[in-house]
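Enquirer: here is my input; please provide its structure:
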Amino acid sequence: MDNKATLTDIVKNDYQEKTILDLKINTKKIGIASDHRGYKLKQKLTIYLNRKGYTVIDYGCDSESSHDYPEYGFKLGEAVRDLKVDKGIAICGSGIGISIACNKVKNVRCAKVSNVKEAKYTRLDNDANIVALNGDMPLYKAKDIVDVFLKTNFSNEERHKRRIEMVNNYKC
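Expert: Down below sits the predicted model:
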């Protein structure tokens, strides 16, 4: 059984002296999308983020009836690509399908994560701009992951910038 813990209890940055909660990041407009299996978690995270002062733009779906995750992954990816939102949150049954769809959009780096450490390093090393979650994840865990994802800055280290450029410049 998972024990609930505060974000401060869970995450201490090993690259900064402050905890994630102490960081002041200007990411305020967040896009969110899901399929039917992620709908409930999407609704709960939207309320949570609104209460924290974020503007949340919902790119669908709008119910628990069957929906195709690619449609919503593409919409969210395009919004991130076009700078309509600062970051994105994508949710489907496993988190994997919608992450694949998001990553089809040029300049989107969507990472399917399962814990706060992965959320931290996908921002720090990969400058991911969308995080993908599985729809069955407990709300407290999803909140922790989203908090870390939204508040962690890209390291801007040359080796990481070089690797991102390699991915961006790959031609099929």
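Enquirer: what residue is smack in the middle of the chain?
Expert: With distances taken as CA atoms, centre = their mean, residue 131 lies nearest the centre of the chain, 2.2 Å away.
Enquirer: for this structure, what spans make up the strands?
Expert: Shown for the chain, the strands assigned by DSSP state E span residues 29-34, 55-58, 87-92, 110-112, 130-134.
Enquirer: okay if I get those as JSON lines plus distance to residue 124 and mean pLDDT?
Expert: To be clear about C-beta, it is placed using only N, CA and C from the backbone, and glycine gets the same treatment. Output for these, formatted as JSON lines (distance: least, CB to CB, whole Å; pLDDT from 0 to 100):
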{"stretch": "strand 29-34", "distance to residue 124": "19", "mean pLDDT": "98"}
{"stretch": "strand 55-58", "distance to residue 124": "24", "mean pLDDT": "97"}
{"stretch": "strand 87-92", "distance to residue 124": "14", "mean pLDDT": "98"}
{"stretch": "strand 110-112", "distance to residue 124": "11", "mean pLDDT": "98"}
{"stretch": "strand 130-134", "distance to residue 124": "13", "mean pLDDT": "98"}
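Enquirer: now do the contacts for the closest residue to the residue nearest to the centre of the chain other than its chain neighbours.
Expert: Once flanking residues are discounted, residue 131 sits nearest to residue 149: 4.5 Å by CB to CB, 6 or more residues apart in numbering. The contact partners of residue 149, taken as CB atoms under 8 Å, 6 or more residues apart in numbering, are 87, 89, 113, 119, 122-123, 128, 131.
Enquirer: could you rerun that using 6 Å?
Expert: 119, 123, 131 (CB atoms under 6 Å, 6 or more residues apart in numbering).
Enquirer: what is the nearest of those residues to residue 140?
Expert: Nearest to residue 140 out of the contacts of residue 149 is residue 119 (CB to CB; 14.1 Å).
Enquirer: what sits against that closest one?
Expert: Listed by CB under 6 Å, 6+ apart, the contact set of residue 119 reads 113, 145, 148-149.
Enquirer: hang on, the earlier thing: partners of the residue nearest to the centre of the chain in the sheet?
Expert: residue 89, residue 111 (DSSP bridges).
Enquirer: so who does residue 103 touch?
Expert: The neighbourhood of residue 103, defined by CB under 6 Å, 6+ apart, consists of residue 110.
Enquirer: meant to ask about residue 130
Expert: Residue 130 touches 80, 88, 90, 102, 110, counting by CB under 6 Å, 6+ apart.
Enquirer: distance of it from residue 158?
Expert: According to CB to CB, to the nearest Å, residue 130 and residue 158 sit 24 Å apart.
Enquirer: equivalent analysis for residue 64, please.
Expert: Per CB to CB, residue 64 is found 46 Å from residue 158.
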